[in-house]
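**Q** Mind looking at a prediction? Sequence and model below.
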Amino acid sequence: MSRSRHLVDPELLPLLDSMPKRTVSAETLATMRASAISFPVDPADLAVTDMTTRHVPGPEGAPDVPVLVYRPKDAADPLPCIFHIHGGGYVSGSAEALEAGHRRLTNKLGCTIISVNYRLAPETTFPGPVEDCYAALAWVFANAGELGVDTARIGVMGESAGGGLAAALALLVRDRGEYRFAFQHLIYPMIDDRTCVTPDPHPYVGEFVWTPEANLFGWTSLLGHAPGGEGVSPYAAAARAENLSGLPPTFLATGALDLFLDENLDYASRLVRAGVPVEMHVYPGAFHAFQWSPGARVSRDAARDSREALARALT
């Protein structure tokens, strides 16, 4: 018997019931990657935006990093930029699958979006994925003139594992001191490997979509060892960072039934205590990836809140 279905927003139940019930494991990973969800591009967005694929220098000794660059057609330079990192539990997902959303945001916000195809775990463990993102960001700053990007208005954004990489990248950028983010925009970010081993798990989160079992596989794949122990880098799990001061203004959103609820609330609280401006949203009745039901009111509210916060941050 479900322990949390009665808490799900009724408008999200059709989505929940349509989702395949499967485990995330080494045995199912290839199928998971092959069956990734993507959404059709709105012809209106397609008509007014351009997308190009670039392969940029990767970390030393590593392959080039593919990035997708979205721009409004005939836009006047320079434009603000969202540096986007896709989700997928660190083990799946792609920048290409998010084309519909990226073209929509590019159109509505009048910005450039640069989306990174970092190497996935378990084939590439930490620090490979975050270093891929850092190398792509270095390319953006080095080529801002060609790209028509305003370097004072570059922010990082990601969902789920992409939100985890975005948070980790923000820490890495702060600590290396070569570049500066204007903001970080984190949607139910996967930031704490210790959630896998907590002795007091939240009784109502994580039943749907991204479960504790999937989380264990994702973190083990990224780290290359069991999660929850000593010595895990904050550039792998951002919640491990002891000092959060000096990070950019942060937007953080999650669902009340999302497995990452507690780690996200704790991170937001710690950011506030470190003097970082924070806007935090928790959506009632919402599980991980609830925005895949775009017609539900809670999904529309979340999309509006995210878009309005991005518009303010990009100004």
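**A** Right, received. Where do you want to start? Residues are numbered from 1 along each chain as shown.
**Q** Please make it C-alpha for all contacts and neighbour counts, starting now.
**A** OK.
**Q** Report the buried residues of whatever helix or strand G163 lives in.
**A** Using DSSP states H and E, G163 falls within helix 161-176. Using 16 or more other CA atoms under 10 Å as the test for burial, helix 161-176 gives 161-174.
**Q** repeat for stretch 189-202
**A** Within stretch 189-202, the residues scored as buried using 16+ other CA under 10 Å are P189, M190, I191, D192, D193, R194, T195, C196.
**Q** Can I take it that the first one is in a helix?
**A** No. Using DSSP: H, G, I helix; E, B strand; the rest coil, the assignment for P189 is coil, not a helix.
**Q** Need the buried residues of stretch 189-202 in CSV (columns: distance to H281 and pLDDT).
**A** Compiled in CSV, these are given as follows (distance: CA to CA, whole Å; pLDDT from 0 to 100):
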residue, distance to H281, pLDDT
P189, 13, 98
M190, 16, 99
I191, 17, 99
D192, 19, 98
D193, 22, 98
R194, 22, 98
T195, 20, 98
C196, 23, 98
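**Q** Can you add distance to S221 and give these back as a markdown table?
**A** Output for the buried residues of stretch 189-202, formatted as a markdown table (distance: CA to CA, whole Å):
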| residue | distance to S221 |
| --- | --- |
| P189 | 17 |
| M190 | 14 |
| I191 | 14 |
| D192 | 14 |
| D193 | 11 |
| R194 | 14 |
| T195 | 15 |
| C196 | 13 |
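**Q** nearest to R240, of those?
**A** Relative to R240, the closest of the buried residues of stretch 189-202 is D192; by CA to CA it sits at 6.9 Å.
**Q** give me every residue that touches the closest one.
**A** By CA atoms under 8 Å, 6 or more residues apart in numbering, the contact list for D192 reads A237, A238, A239, R240, E263.
**Q** Equivalent analysis for G145, please.
**A** P78.
**Q** and it, how far is that from A303?
**A** 31 Å (CA to CA, to the nearest Å).
**Q** swap in G218?
**A** Applying CA to CA to G218 and A303 gives a distance of 26 Å.
**Q** More neighbours: which of those two?
**A** For G218 versus A303, neighbours defined as other CA atoms under 10 Å are more numerous around G218 (28 against 14).
**Q** List the contacts of the more buried one.
**A** G218 touches G89, Y90, V91, A121, counting by CA under 8 Å, 6+ apart.
**Q** for P72, same thing?
**A** By CA under 8 Å, 6+ apart, the neighbours of P72 are V48, T49, D50, T106, N107, G110, C111, T112.
**Q** got the CA positions of the lowest-mean-pLDDT helix or strand in the chain in PDB?
**A** None of the helices or strands of the chain scores lower by mean pLDDT, DSSP states H and E than helix 29-34, at a mean of 93. Written as PDB, here are the backbone C-alpha positions of helix 29-34 (Å, rounded to 0.1, in the frame of the first residue of the first chain):
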ATOM      1  CA  LEU A  29      20.600   1.700 -17.100                       C
ATOM      2  CA  ALA A  30      20.800   1.200 -20.900                       C
ATOM      3  CA  THR A  31      17.000   1.000 -21.200                       C
ATOM      4  CA  MET A  32      16.600   4.000 -19.000                       C
ATOM      5  CA  ARG A  33      18.900   6.000 -21.200                       C
ATOM      6  CA  ALA A  34      17.200   4.800 -24.400                       C
END
